[in-house]
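Enquirer: Need coordinates for the following:
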Amino acid sequence: MSSLPNMSLGRFLALLAVLAGLLSACRQEPDPFPPLSETMESTHFQYHFAPGDAIDTSWQELYLQGLLERLEVSVSYRLQYHKYRNRAHLKALQGRDTNGFAEPGTPDFHTIWPIDNHECVHVVAVNAIGHPPALFNEGLAVSQHYQSLVYPHLPVWNGQPVGQVAKEWKEKGQIPAVAELLESTGFFSFDPDLTYPVAGAFVHYLIAEYGIGKLKELFAPLHFESTATATADQFLLVYGLSLEAAWTVWLAGL
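Expert: The predicted structure follows:
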């Protein structure tokens, strides 16, 4: 066997090991859950996303402008939009098995969608208006689910107008009494495909019938853990009729 010039067998074997390691690294699959290492900014947002991912920043800016007009509020900060490739990606990085969530009291929200209205509403509403129990907190977010950016297009849930979805649940006799939904724990004990569009349709009705100003008065002193009694009392004070009465009128109108 001929010898390699100027290289011992040990050094040669070490070099082979290094090359084998490099080849193995090249063959490794890409990280399925990469960090959100990319950033970019628009007028009202800072976006955080993984390499190769995409966000429709133009749509998001137009949506936010319309939202601020509808809620009659303003923002002096950039919303922090954290975009994940899919539900598994969000769970791997945040530990939550969901399509999206907002961090209450901060400008941050997390989502798997290239456009997001729901979590965007939560950030703006909680910071500018208040954080009431889920019936109204989620109801306001769903009431702003506009697929068209031309207001006053009706809000939708899974592509269907929320009023139509609520009507279908009503015809099945499955809409619970409003008293069962007044506390956040009760609200989340039901199927979200029932409670979210029903709450959205009810809040949409309140805004259309009484204006956004009344809803903001309702939100102001409440918090996410407010009792059913506190919420009902505040509703009566603001609207001049009981929550049960308003709920009954709204249901009849469906």
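
Enquirer: For residue 30, report the pLDDT, please.
Expert: Note for residue 30: predicted pLDDT of 76.

Enquirer: got a list of what it touches?
Expert: For residue 30, the contact set (C-beta atoms under 8 Å, 6 or more residues apart in numbering) is empty. Quick note: C-beta positions are derived from backbone N, CA and C, even for glycine.

Enquirer: what does residue 73 give?
Expert: Residue 73 neighbours (C-beta under 8 Å, 6+ apart): 124, 128, 129.

Enquirer: Can you show me the strands along the stretch 151-254 of the chain?
Expert: Taking DSSP state E, counting those that start in this stretch to define them, one finds strands in the stretch 151-254 of the chain at 156-157, 160-161.

Enquirer: Give the rounded mean pLDDT of the last one.
Expert: Averaging pLDDT along strand 160-161 yields 92.

Enquirer: Pairing partners for that strand, with directions?
Expert: strand 156-157 (antiparallel) (DSSP bridges).

Enquirer: tell me the domain ranges of this structure?
Expert: Structurally, the chain divides into domains by automatic domain parsing as follows: 38-128, 153-253.

Enquirer: Can you lay out these as JSON lines showing distance to residue 139?
Expert: JSON lines is the format used below for those (distance: least, C-beta to C-beta, whole Å):
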{"stretch": "domain 38-128", "distance to residue 139": "10"}
{"stretch": "domain 153-253", "distance to residue 139": "3"}
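
Enquirer: Got the confidence number for residue 18?
Expert: 61.

Enquirer: Now the buried members of the contacts of residue 73.
Expert: Among those, the ones that count as buried by 16 or more other C-beta atoms under 10 Å are 124, 129.

Enquirer: Could you list the low-pLDDT ranges of the stretch 51-200 of the chain?
Expert: 147-153 (pLDDT under 70).

Enquirer: Just list the residues touching the most centrally placed residue in the chain, thanks.
Expert: Centroid-nearest residue in the chain, with C-alpha atoms, centre = their mean: residue 119, separated by 2.6 Å. Going by C-beta under 8 Å, 6+ apart, residue 119 touches 100, 101, 102, 109, 110, 111, 141.

Enquirer: Report the beta-bridge partners for residue 45.
Expert: residue 79.

Enquirer: wouldn't it be in contact with residue 81 here?
Expert: Yes: with contact defined as C-beta atoms under 8 Å, residue 45 and residue 81 form a contacting pair (5.1 Å).

Enquirer: still on that earlier bit, need the max-distance pair from the contacts of residue 119.
Expert: 110 and 141 (14.4 Å; C-beta to C-beta).

Enquirer: and stretch 239-247, which residues are buried?
Expert: 239, 243, 246, 247.

Enquirer: shared neighbours of residue 45 and residue 81, anything?
Expert: residue 60.

Enquirer: re the thing from before, quick check, nearest of the buried residues of stretch 239-247 to residue 164?
Expert: For the buried residues of stretch 239-247, with residue 164 as the reference and C-beta to C-beta as the criterion, the closest is residue 247, at 18.2 Å.

Enquirer: show me the residues around that closest one that make contact.
Expert: By C-beta under 8 Å, 6+ apart, the neighbours of residue 247 are 178, 202.

Enquirer: Please shift the residue numbers so they start at 28 in all later answers.
Expert: Got it, first residue is 28 now, which makes that one residue 274.

Enquirer: Okay, it and residue 206: tell me how far apart.
Expert: Distance, residue 274 to residue 206, using C-beta to C-beta, to the nearest Å: 9 Å.
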